[in-house]
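Trainee: Could you work out the structure for the sequence below:
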Amino acid sequence: MGDINKVENEKFSSDAFECLFRRYIKDDPKRVVSFQEELLKSEIAREIYDLRNQAGLTRQALASLAGTAESVIEDIEEADYEGDFLLTAARIASALQRRVEVSFVEDQPKGSQRISI
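Mentor: Predicted coordinates for the structure are as follows:
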């Protein structure tokens, strides 16, 4: 994680986003790592949001099923959760009749076309 070359070769969704990345993040390895972490959080947030909506649940209803507070669901869906993420994600997944899978994959070689998250 944190390899600038991996992020540089990513296909960005807009020219503006690519410009911002290259201007403010590209040359700082710490910012690259932070950027990758935020991408991961936003992907998980989107997945939980989509699953909750597919299930026809409100945030409050999902929170009740997962044994947590509505504010936790809100923070996770807004990619702003700072607590014990893995445990909370597992409880949310269970409430949605899903499970969390974690895998450690080999790092991509330099020149890769994907962001390592």
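
Trainee: all helices of the protein, in order?
Mentor: Along the chain, the segments classed as helices by DSSP state H run 4-8, 15-24, 29-54, 59-66, 70-77, 85-95.

Trainee: Could I get those in a markdown table, plus columns for mean neighbour count and mean pLDDT?
Mentor: C-beta here means a position set from N, CA and C on the backbone, and glycine is covered the same way. Shown next, in a markdown table, are these (neighbours: other Cβ atoms under 10 Å; pLDDT from 0 to 100):
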| stretch | mean neighbour count | mean pLDDT |
| --- | --- | --- |
| helix 4-8 | 18 | 48 |
| helix 15-24 | 12 | 79 |
| helix 29-54 | 15 | 89 |
| helix 59-66 | 18 | 97 |
| helix 70-77 | 18 | 95 |
| helix 85-95 | 17 | 92 |
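
Trainee: Identify whichever of the ones you listed lies nearest to residue 106.
Mentor: Closest approach to residue 106 among the helices of the chain (Cβ to Cβ): helix 4-8, 12.8 Å.

Trainee: still on that earlier bit, go through the helices of the chain and name the closest to residue 102.
Mentor: Using Cβ to Cβ, these put helix 85-95 closest to residue 102, at 7.5 Å.
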